[in-house]
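Trainee: I need the structure of the sequence given here:
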Amino acid sequence: DDNSTDVASKKEVELMRNFPKGAFVTTVTVPFQNADWVDVSGDYLYMSVYDRYQADGTDKLISYNIKTCDDRVLFEIPYDKQYENCCIEAVQTDGKWLVWEVCNIMSGHFGSIYVMNLESGEVRRIKEMSSSENSHPVFSNDRVIWSETDYSDDLRESIICSYDLNSSKAYEIAKIKNENVTLAADVDKIVWYTDGEYTVYNCLDAKTKSISTDAKNVRA
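Mentor: Numbering: from 1, shown residues only. Got it, this is the predicted structure:
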């Protein structure tokens with residue numbers, strides 16, 4: 001009704017007022033029917049694109065220059081039976097690297113994790129598709145972090161995994177007696193939630209800190 005519309009518009013104005021000084025909002029129109037998982041660095045948008053209206057529609061990872069409107073295909077899902085029901089998700093960039101996940105949409109969140117060096121264009125697959133369900137990967141300085149839950153194992157433990165982008169080495173950070181752990185990261189710290197507490201892991205000294213919370217049903 002008219003009253004609810006008025007309340008909504010006032011709320012939007014209030015949100016705009018609370019933006020940091022000098023911030024602005026702009027709308028970018030991209031030449032794709034379906035764009036998802038968008039991240040931005042400088043003048044570039046990075047996104048997953050699937051054009052369902054084209055006969056050869058397929059999932060692609062695209063870079064799009066906001067100023068010049070030029071777009072470039074960075075990656076396409078491999079034409080392999082293993083990937084026939086897959087899509088591109090979890091696109092993120094830190095300005096130097098791009099990370100994304102190729103997920104099987106039929107069997108759940110089981111997929112491969114890829115990284116790209118934005119300066120050289122080198123693409124690496126750092127996690128093979130397997131029987132383990134992955135959390136979406138996150139950046140922690142020059143590392144990519146994710147969790148894995150092996151559904152063929154009755155224990156259903158989650159393993160927190162780290163991949164060093166400089167040395168190309170992967171290793172385990174921790175094992176957790178919970179499945180489907182969602183991660184967040186900032187600089188050298190990683191955080192996850194299980195059983196009524198947050199765990200903060202410091203990548204520099206491998207120490208953890210637990211923070212109790214009364215919050216219920218914490219997810220992402």
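
Trainee: mean confidence (pLDDT) on the helix or strand harbouring residue 88, please.
Mentor: In this assignment (DSSP states H and E), residue 88 forms part of strand 86-93. Averaging the model's pLDDT scores along strand 86-93 yields 90.

Trainee: ditto for stretch 211-220
Mentor: For stretch 211-220, the mean confidence score works out to 79.

Trainee: hang on, the earlier thing: residues contacting the strand holding residue 88, please?
Mentor: Outside of strand 86-93, the residues that reach it under the criterion CB atoms under 8 Å, 6 or more residues apart in numbering are 36-41, 46-48, 50, 59-61, 75, 77, 98-105, 111, 118, 136-139. In short, each C-beta sits where N, CA and C put it, glycine included.

Trainee: which helix or strand lies directly C-terminal to it?
Mentor: Along the chain past strand 86-93, the next helix or strand (assigned with DSSP H and E) turns out to be strand 97-104.

Trainee: got the CA positions of that next one in PDB?
Mentor: Output of strand 97-104 as PDB, limited to C-alpha atoms (Å, rounded to 0.1, in the frame of the first residue of the first chain):
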ATOM      1  CA  TRP A  97      44.500 -13.300  -7.500                       C
ATOM      2  CA  LEU A  98      41.100 -14.600  -8.500                       C
ATOM      3  CA  VAL A  99      39.500 -17.700  -6.900                       C
ATOM      4  CA  TRP A 100      36.400 -19.600  -7.900                       C
ATOM      5  CA  GLU A 101      34.800 -22.900  -7.400                       C
ATOM      6  CA  VAL A 102      33.300 -25.300 -10.000                       C
ATOM      7  CA  CYS A 103      30.400 -27.000  -8.200                       C
ATOM      8  CA  ASN A 104      28.200 -30.000  -9.200                       C
END
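
Trainee: one step back: tell me what angle the strand holding residue 88 forms with strand 97-104.
Mentor: 160 degrees (axes from the mean of the first three to the mean of the last three CA atoms, to 10 degrees).
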